[in-house]
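**Student:** need coordinates for the following:
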Amino acid sequence: MIEYAKSYAKKAEFIQMDIRELKFEDNFFNGIWSVTSLLHLPKNEIPKALGEAYRVLKRNGIMYVCVKEGHGEELKPDLRYSKDAIKFYSYFKKDEIEKFLTWSGFSLLESRMADMGVKYLKEPQFKIFAIKK
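**Tutor:** Below is the predicted model:
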C-alpha cells in the first residue's frame, strides 16, 4: 500500500510502524485519522494502541476512529483481493469502542453510525471523534 500511495503522493514521506508502538515523541500530532485500522487488532491490544495515540497527540488533539459494528473477533477472507487474503477483524458495539476511548483518557465529541447509503460501505461502522483534554 505504501508503494501504491507513493505513486500518487510523490513528495510525501511514508513511515511504516506498529500502531501499538509509535516511534513519535509525546505530544507530536494535532490529529490522528484511524479509519478501519483498530479493527485489525485483537480487542485485548486496543488499549495499548489507543494509549499510544493518546501519548502522541497534543493537548486538544482530535482522534477520528472508524470501526465495524458487531460482536467478537474472527479471521475471514477479504474477497476484494482474493479468497486467499485472510484478515483478522474485531467488531464493536457502540458502547464498547466508546469505553476503550474513554478508558484511554479521551473525551468523546461525537459518536454515530456511518451512513449506509455510501456505496463503498458493506457493513455498518461507527464513526467517532474524540479529544485529548
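
**Student:** quick check: what element follows the helix or strand hosting residue 7 along the chain?
**Tutor:** Per DSSP states H and E: residue 7 is located in helix 2-8. Sequence-wise, the next helix or strand downstream of helix 2-8 (DSSP H and E) is strand 29-35.

**Student:** related to what we said a few turns ago, any idea of the mean pLDDT for the helix holding residue 7?
**Tutor:** For helix 2-8, mean pLDDT is 91.

**Student:** show me how far it is from its chain's centre.
**Tutor:** Computed by Cα atoms, centre = their mean, to the nearest Å, the chain-centroid distance of helix 2-8 equals 20 Å.

**Student:** tell me which residues are up against that helix.
**Tutor:** By Cβ atoms under 8 Å, 6 or more residues apart in numbering, the residues outside helix 2-8 that reach it are 12, 14, 16. In this view, the C-beta of every residue, glycine as well, is placed from N, C-alpha and C.
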